[in-house]
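*Asks:* please find the sequence and the predicted model below.
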Amino acid sequence: MDTMASLISSVDDIDLSSNPILQKLSSSSIPHHTYPHTLSMTAEELDANVPLPNSNESHTKNLFFKDKKHGMFLVTACTDAEVNTKDLGKMLKLEGKVNLRLADETLLMDKLGVKKGCVGPLAMMNNADKDVTLVLDEGLMTKEKVHSHPLRNDASTALTPLDLQKFLTECCDVQPTMVAFPKKGAAPLAGKVPSSRPEGDKSSSKPKLPPKDKSAPKATNQNKKQTKKGETQLALKWKKEENFAMWYTDVIVLSEMISYYDISGCYILRPWSYKIWELIQDWFNIQIRKLDVENSYFPMFVSKDRLEKEKDHVEGFAPEVAWVTKSGEGDLAAPIAVRPTSETIMYPAFADWIRSHRDLPLKLNQWSNVVRWEFKDPTPFLRTREFLWQEGHTAHASFEDANVMVRQALDLYRRVYEELLAVPVVPGYKTEKEKFAGGHSTTTVEAYVPVAGRAIQGATSHHLGQNFGKMFDINYQDEKGETQIAWQTSWGLTTRTIGVMIMVHGDDTGLVLPPKIAPLQAVIVPIVSKKHPLENFKDYCGGILEQLQDKDIRCKLDDRSIYNPGWKYAHWEQKGVPIRIEVGPRDLENKQVRLVVRFSGEKIDVGIDDLAETIAKKLDEVQKGMFTKALQFRDDHLVKVTEWKDFVPNLELHNLVLTPWCGGEHQDWEEWVKDKSREESLASRGEAGEDDRTATSVAAKTLCIPFDQPELPEGTKCIASGLPATCWVMWGRSY
């Protein structure tokens, strides 16, 4: 920041060590950079007095409004944004008469603890009554850094947009309302798709051709204002069908699944999500033991020589490999890679351990973390720079034996999705273009995400052939004493499973968890009041808790006295607990409880004598109901197409498309479909191109050649090349 350095030297040194904002940022381990500068009262003065390094950073313009009916609003926008109070009322969906006026300095000091000219979003920390709504300009969220005052106008604090949001949510308990303000002199942006939404995902859940009129107003959430003191702030700010990406972010944060970290693309898995991963692990370990697979652990580092030993393999991962080059202040003699996958880490050991046919098959699994330095649009659970997974690696005496292992592993993945997560998947083969780099063939399970209308690769199982065996000398003596090369497999399942489950089942209230992987399957909420204190319920609710735990039902008694029953209802609904057990005074008298089912909203009164059996049956019913609902929705969006003219229109309807295909080896025609579908999709939407910063695309790609093949009439032509079709292939837009 050379430009800022010159400004700092031109002002008197100021003491920022006791600044409460900076103290809070530091104690919360939120990265920030604060610098003094010439005193600036307005946004215009800031732009003039404190030039920033580039246009990807921005100062903020801050306006504090009050309205007799609708309350108080702090608007924080880019300095070049046009803030019109009439338009602002419409953007915020304020009902009835709206009369937004700038508040005076007395109210500003009372509510935010700052003087005029010193206000900024960081001042929300001083809003003890939680009666000010923070309105953030979406344009700020696209910047590399946002600069705002730390309660004084002779200094600024620079934060990334994610770190600013982290400060607001975690340190201030504030969920800002996002609004797209137009630039000065531009037309109003009412109805504009938020800038954080990928270009390829602007259609609604039921898009139609031709594209919608972009000038038409877009439906937005009713009243995204923050709540007043004493009210719960649990409600999601976005609807699933209104803005899928923002809804997803809302859900995973507010339901306490993840927290953001100060390294982009890395996230903290909070106990609620990690417990889901543990439940998947527990089930999976039982299943692989039945297949004689043993758990082990290998180092996370791999030497450059080993990683680059298999050319095709390393080329597939090269852009994503993270390298360690220093130790303390000194350079390493040779760089070492952080594990992107473990083939090149494990297989030298395989070569040492395998000598005879008696050593085969060798079947190992490990639970570990992996680093792949994704550069585009990281998304929690789906596309992250570090993720958790299991990876199985096996060696066999024959191609056929290895192939059996490949299919056994893939079927376990199908069961994880369908039996645990209640998410239907399509098993099949990847084409040559999409298979694992360096492998013989790849099998996959592909899931479908409603609303987004995209497919997502659920898990893969690879037949590696003998390629790695040749590279790493994994040889053995057969029964005849002849030297043979082992046949190998590798297969992996990641924490992406959790993200897929959230996207498929979640609703506008929050998570909806399948009972088999829910950290809590039931929660008991006593309906306490001054007249009926908690002591009246303890023995009764304690007996229910013991009865359920004896039946291995994961449950909890929420006896916290600081929250009222209504808050608890909202809290556990948002976290997706399958069944809520309400116990009120009348329930005590009647020796019953009320069950509220998260998935269906069903409410039933049940006696406590056979409560555990009733709940167990209801949990099974919910698990099956969730899968049936997801399967029906997926099947409604899986269509057959035999002519190209119908291909892109079906993509625009958020469908997965089955087409006749001339074979997975025709990579040139796969590329043609990808390019042609992108071109026609953009034309149908009236768009010039895609945003290169996002990882998703409007182009179609092959998802798999399904194992379950529909009948292919003789003479059927490939939809792209016109060559004789040899199979059906499934296409779609993908994450």
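*Replies:* Happy to help now that I have it.

*Asks:* could you pull out the strands for the stretch 201-350 of the chain?
*Replies:* 258-260, 267-269, 294-295, 301-303, 322-327, 330-338 (DSSP state E, counting those that start in this stretch).

*Asks:* what residues sit buried inside the last one?
*Replies:* So the one you mean is strand 330-338. Neighbour counts over strand 330-338 (16 or more other Cβ atoms under 10 Å) mark 336-338 as buried. Backbone N, C-alpha and C define where each C-beta goes, glycine included.

*Asks:* closest to G722 out of those residues?
*Replies:* Among the buried residues of strand 330-338, A337 lies closest to G722 (Cβ to Cβ), at 44.4 Å.

*Asks:* average pLDDT for the lengthiest helix in the chain?
*Replies:* If you go by DSSP state H, the chain has its longest helix at helix 611-636. For helix 611-636, the mean pLDDT works out to 98.

*Asks:* so what secondary structure elements neighbour it?
*Replies:* The contact analysis (3 or more Cβ pairs under 8 Å, 6 or more residues apart in numbering; DSSP states H and E) places helix 611-636 against helix 496-505, helix 538-550, strand 579-583, strand 592-597.

*Asks:* list of residues touching the first one?
*Replies:* Same thing as helix 496-505. 244, 248, 251-252, 257, 273, 276-277, 280, 379-382, 387, 416-417, 421-423, 447-452, 456, 458-459, 511-514, 517, 576, 626, 630 (Cβ atoms under 8 Å, 6 or more residues apart in numbering).

*Asks:* give me the next element, helix or strand, following it.
*Replies:* As assigned by DSSP states H and E, the chain's next helix or strand after helix 496-505 is strand 522-526.

*Asks:* before we move on, what about the third one?
*Replies:* For strand 579-583, the succeeding helix or strand toward the C-terminus, using DSSP H and E, is helix 585-590.

*Asks:* list the buried residues for that next one?
*Replies:* Within helix 585-590, the residues scored as buried using 16+ other Cβ under 10 Å are 587-588.

*Asks:* pLDDT on that helix, on average?
*Replies:* Mean pLDDT, helix 585-590: 95.

*Asks:* who's in contact with that helix?
*Replies:* 527, 532, 536-537, 540, 593-594, 605.

*Asks:* quick check: A351 is in a strand.
*Replies:* No: using DSSP: H, G, I helix; E, B strand; the rest coil, the assignment for A351 is helix, not a strand.

*Asks:* circling back: hmm, which of the contacts of helix 496-505 are the buried ones?
*Replies:* Looks like the contacts of helix 496-505 have 244, 248, 251-252, 257, 273, 276-277, 280, 379-382, 387, 416-417, 421-423, 447-452, 456, 458-459, 511-514, 517, 576, 626, 630 buried, using 16+ other Cβ under 10 Å.

*Asks:* where does the stretch 401-550 of the chain have low pLDDT?
*Replies:* For the stretch 401-550 of the chain, no stretch has pLDDT under 70.

*Asks:* picking up where we left off before, could you work out the most separated pair of the contacts of helix 585-590?
*Replies:* By the measure Cβ to Cβ, N536 and D605 form the most distant pair in the contacts of helix 585-590, at 19.2 Å.

*Asks:* which of the two has more residues huddled nearby?
*Replies:* Neighbours were counted for N536 and for D605 using other Cβ atoms under 10 Å; N536 has more, 16 against 12.

*Asks:* so who does the more buried one touch?
*Replies:* N536 makes contact with 528, 585, 588, according to Cβ under 8 Å, 6+ apart.

*Asks:* ok, now with 6 Å
*Replies:* If a contact means Cβ atoms under 6 Å, 6 or more residues apart in numbering, then N536 has no contacts.

*Asks:* can I get the strands of the stretch 201-350 of the chain in TSV with mean pLDDT and distance to T726?
*Replies:* Formatted as TSV, those follow (pLDDT from 0 to 100; distance: least, Cβ to Cβ, whole Å):
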stretch	mean pLDDT	distance to T726
strand 258-260	91	44
strand 267-269	95	43
strand 294-295	98	40
strand 301-303	93	39
strand 322-327	93	40
strand 330-338	93	39
